[in-house]
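Colleague: structure, please.
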Amino acid sequence: MSATHLSILGSICALLFAPLPRCTAEESQPLTLKCLLQMDRCALEALYCQAPAAPMLDGCYTGLAIRKPGSKLAKTNAAVTGLIWKGKKFCAASGSLINLWGLGVEAVAAQVCPGESWVDGKPALIMDYRGSSPIVWRNVRDELREIAPGLYLGVMVQDRASGPKVGQFFALEAQ
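Modeller: A predicted model of the protein is given here:
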């Protein structure tokens with residue numbers, strides 16, 4: 001293995017296994033993407049449910065996928081997903097977004113508008129893929145709330161015949 005490959009591998013390992021600060025939704029320290037990654041599902045749900053709806057967004061936002069929150073795999077999942085999914089680019093004028101992927105690829109569009117949350121019935125910014133993404137996420141609707149200035153917590157909700165099902169959480173941060 002070359003020195004470059006070892007350096008890259010070392011950086012990935014440092015990212016995956018470095019300790020993160022402990023934080024919960026109840027603490028008074030500022031919320032960050034790293035703190036969200038440390039929270040369990042109950043803490044994320046509580047944070048989401050107490051937050052106001054995100055305003056209509058415009059521009060690029062860095063993304064963090066939060067799969068299996070609170071588990072030992074949450075950090076690894078976020079790092080792996082982060083190699084592929086980078087965030088979202090919103091256009092307030094057209095009420096739309098496009099997802100940002102690795103290598104500068106933009107794909108998988110959604111319609112964006114204020115609406116009612118399927119999680120708790122309160123206002124949220126809705127990102128609906130159901131009419132604009134026939135293959136990927138064709139039954140998905142994301143919801144977004146602002147948990148701190150410039151920091152947003154989202155929930156991916158699948159539209160199923162048996163009723164809506166929360167899939168995973170994600171976070172967006174203004175660039």
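Colleague: please make it C-alpha for all contacts and neighbour counts, starting now.
Modeller: Will do.
Colleague: so how many other residues sit close to the closest residue to Glu106 other than its chain neighbours?
Modeller: Distances taken as C-alpha to C-alpha, 6 or more residues apart in numbering place Leu100 nearest to Glu106, at 4.8 Å, with adjacent residues excluded. Using other C-alpha atoms under 10 Å, Leu100 is surrounded by 22 other residues.
Colleague: residues in contact with Leu100?
Modeller: Residues near Leu100 by C-alpha atoms under 8 Å, 6 or more residues apart in numbering: Trp85, Lys86, Gly87, Lys88, Lys89, Glu106, Ala107.
Colleague: just to check, the fourth one is in contact with Ser96?
Modeller: No. Using C-alpha atoms under 8 Å, Lys88 makes no contact with Ser96, being 10.2 Å away.
Colleague: in the chain, where is pLDDT below threshold?
Modeller: 1-28 (pLDDT under 70).
Colleague: kindly recompute the last result at 50.
Modeller: Flagging of the chain using pLDDT under 50 yields the residue ranges 1-25.
Colleague: please enumerate the strands of it.
Modeller: Shown for the chain, the strands assigned by DSSP state E span residues 59-66, 85-91, 96-101, 106-116, 123-128, 140-148, 151-158, 165-174.
Colleague: relative to Gln50, which of these is closest?
Modeller: strand 140-148 (8.5 Å; C-alpha to C-alpha).
Colleague: TSV for the strands of the chain, including distance to Arg41?
Modeller: Listed next are those as TSV, based on distance: least, C-alpha to C-alpha, whole Å:
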stretch	distance to Arg41
strand 59-66	10
strand 85-91	21
strand 96-101	24
strand 106-116	21
strand 123-128	19
strand 140-148	15
strand 151-158	11
strand 165-174	9
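Colleague: list the contacts of Asp40.
Modeller: Asp40 neighbours (C-alpha under 8 Å, 6+ apart): Pro69, Gly70, Ser71.
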